[in-house]
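# coordinates for the following, if possible.
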Amino acid sequence: MSETTVGAEEIYDEGPLYAAAKKVYPQKVWGTYRRLKWIVLFIALGVYYILPFLRWNRGPNQPTQAVLIDIAHSRFYAFFIELWPQEVYYFTGLLILASLILFLSNALFGRVWCGYACPQTVWTDLFLWVERMIEGDRRDRIKLDEAPWTTEKIMKRVAKHAAWLVIALLTGGAAVLYFMDAPTLVVQMATFQAPTIAYLWAGILTLTTYSLAGHMREQVCLYMCPWPRIQAALTDPDALIVSYRSDRGEPRMSLKEAAKAHAHGDPAGDCIDCMQCVAVCPTGVDIRRGLQLGCIQCGLCIDACDAVMTKVRRPPRLIAYDTDENRDRRKRGENNVYRLARPRTILYAAVIALTGGIMLYALLTRSDMHLSVLHVRAPLFTQTAEGGIRNGYTLRFSNKLGAPTEFGFGVSGLNGATVTSVVAKPAGDGRLAVRLDPDATLEVPVYVTAASAPGKSTPITFTATDAKTGEKSVAVDHFFGP
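The predicted structure follows:
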């Protein structure tokens, strides 16, 4: 790749459009952002591996796992929350919240999700750490790749891939623990008594973790993930992104060349072209070329550059979280301005607060019982021997409590109508009653009969009342006649 310097700007020859990708050997670095990445990694992996083993007492006949996706019984448990399939809107709300939080973080700090919390980043960091422990740092790994196959090289490679497979197996195994009681499933899998589907999914997730974090790494970010392409439309000039401050770093030259330039009164930038920012980048990006598709905004280049600037006794943060707006302001001789609160971020924050508030209100006011109704369509209505009109319905009761309860129900909106059922028992005042087991549903066929046809379609209301708590649930349908 050739380059031509024109003043403080550089024009790069990109080379061929399609070129073979070169293997990236990220170098070890230590600093503020590397420490932050380790903290996020430990928290994320800790939550992922430990969460299935946390217990939560929900009462008798209820699962005690704190977080459980119980597919067999169509339930999702998260500590004190229990969601049913009919409450899929909670999951929709969570997806909306996650998207909005991602948009907000991008508007504030660019691809901070990609650099710190993305599962691909977290597991790749862990795999890289294992690789360094076994094969050494950047130079050692390059030499090992170029060296002929010897006993030492084979032993290192076997040890590395074995460690990767263990991590991948723990990752895949931990994932399936969210779908069954974790301690029980661990024993079953260890004794080869677990369901076949558990082994299947654990194997699939083991393979994908080993492949993506061990072999594909930056290729996932460059070619598989859609977020780098989406985030460009969500970033504005006031977003804080990892940036090379070319107004201070250019023209770049070695220390000796810079000393000569200063002696002759010529400009010399702080960048000494040491390439450390490129060496530590997990995707092999040269941040000095500006914002690129491969830059995940992890900040490791900032740590590497700060270490070099300290050694050469120049101010740090030649590479830093900066904004395009401030770069233009410095060119005009103006001071930096950071605007975290602006229309875009305020709008995102407001919608997040609104969505979160609606979900919280719905959760806090959530009923422990539910009634739904389905009209029998074949036939739509029948005529009795006495000349009355009868409609059939299927009432579905849901008891979300951990104890059995009894529901009384009746119909209103149709004068003189009576409700009958071969499943329910009489409860007085023309009402019927059914008993439900804990955490269960029950379908009850009922018939509503009117002495005469009130019209082609009349709205009616079914009302169910919990005998213990007095809580009510209503369902509306129509009564049809000739």
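# now do the closest residue in space to Asn61 that isn't next to it in sequence, the pLDDT please.
Of all residues not flanking Asn61 in the chain, Pro438 sits nearest, at 6.0 Å (CB to CB, 6 or more residues apart in numbering). Placement of C-beta: from N, CA and C, glycine included. At Pro438, the model reports a pLDDT of 85.
# in what helix or strand does Pro438 lie?
Under the criterion DSSP states H and E, no helix or strand holds Pro438.
# need the contact list for it.
Asn61, Gln62, Asn399, Leu401, Gly402, Ala403, Pro404 (CB atoms under 8 Å, 6 or more residues apart in numbering).
# how near is the residue nearest to the fifth one when sequence neighbours are not counted to Ala403?
Once flanking residues are discounted, Gly402 sits nearest to Gly59: 3.9 Å by CB to CB, 6+ apart. For Gly59, the distance to Ala403 (CB to CB, to the nearest Å) stands at 8 Å.
# are we agreed that Gly46 is in a helix?
Yes. Read with DSSP: H, G, I helix; E, B strand; the rest coil, Gly46 is one of the residues of a helix.
# list the contacts of the residue lying closest to Asp273 once chain neighbours are set aside.
If the residues on either side of it in the chain are set aside, Asp273 comes closest to Arg252, at 4.7 Å by CB to CB, 6+ apart. By CB under 8 Å, 6+ apart, the contact set of Arg252 is Gly269, Cys271, Ile272, Asp273, Arg288.
# separation between Arg252 and Val308?
Arg252 sits 12 Å away from Val308 when distances are taken as CB to CB.
# would you list the contacts of Pro438 in CSV and tack on neighbour count?
As requested, these are exported to CSV (neighbours: other CB atoms under 10 Å):
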residue, neighbour count
Asn61, 10
Gln62, 15
Asn399, 23
Leu401, 19
Gly402, 14
Ala403, 13
Pro404, 13
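# now Asn336. Nearest residue, chain neighbours left out?
Closest to Asn336 by CB to CB, 6+ apart is Asn326, at 4.4 Å.
# quick check, pLDDT for that neighbour.
We have a pLDDT of 91 for Asn326.
# same question, Tyr18
You'll see Tyr18 listed with a pLDDT of 57.
# all helices for the stretch 201-350 of the chain, in order.
For the stretch 201-350 of the chain, applying DSSP state H, counting those that start in this stretch gives helices covering 218-219, 227-231, 246-249, 255-263, 276-279, 300-311, 324-331, 343-364.
# between these, which gets nearest to Ala467?
When the helices of the stretch 201-350 of the chain are compared by CB to CB, helix 343-364 sits nearest Ala467, at 23.9 Å.
# residues in contact with the residue lying farthest from the centre of the chain?
Centroid-distance maximum for the chain: Glu386 at 61.7 Å, with CA atoms, centre = their mean. By CB under 8 Å, 6+ apart, the contact set of Glu386 is Ala451.
# how much space between Gly299 and Asp270?
Gly299 is 18 Å from Asp270, by CB to CB.
# so if I had to pick from those two, which one is more boxed in?
Neighbour comparison, Gly299 and Asp270: the larger count goes to Gly299, with 23 against 18 (by other CB atoms under 10 Å).
# can you name the residues that contact the closest residue to that one other than its chain neighbours?
Leaving aside its chain neighbours, Gly299 sits nearest to Tyr33 (3.2 Å; criterion: CB to CB, 6+ apart). If you count contacts by CB under 8 Å, 6+ apart, Tyr33 has them with Cys298, Gly299, Leu300, Ile302, Asp303.
# the residue nearest to the spatial centre of the chain: which element?
Compute the mean C-alpha point of the chain, and by CA atoms, centre = their mean the closest residue is Ala98, 6.6 Å away. Using DSSP H and E, the element containing Ala98 is helix 88-109.
# what residues does the helix or strand following that helix touch?
Using DSSP H and E, the next helix or strand after helix 88-109 towards the C-terminus is helix 112. For helix 112, contacts defined as CB under 8 Å, 6+ apart pick out Ser105, Asn106, Gln297.
# repeat for stretch 163-180
With CB under 8 Å, 6+ apart as the contact definition, stretch 163-180 has outside contacts at 48-49, 51-53, 67-71, 123, 126-127, 130, 134, 185-186, 189, 198, 201-210, 213-214.
# buried sites along it?
For stretch 163-180, the neighbour count (16 or more other CB atoms under 10 Å) marks 163-164, 167-180 as buried.
# for stretch 230-240, same thing?
Buried residues in stretch 230-240, counting neighbours by 16+ other CB under 10 Å, are found at Gln231, Leu234, Thr235, Asp236, Asp238, Ala239, Leu240.
# among those residues, which two are most distant?
Using CB to CB, the two most remote members of these are Gln231 and Asp238, lying 14.8 Å apart.
# for Gly269, see how far away the nearest residue to Arg330 once chain neighbours are set aside is.
Of all residues not flanking Arg330 in the chain, Asp247 sits nearest, at 5.1 Å (CB to CB, 6+ apart). According to CB to CB, Asp247 and Gly269 sit 9 Å apart.
# again with Gly299
Computed as CB to CB, the Gly299 to Gly269 distance reads 21 Å.
# what's the answer for Met253, then?
7 Å.
# also Thr151?
For Thr151, the distance to Gly269 (CB to CB) stands at 48 Å.
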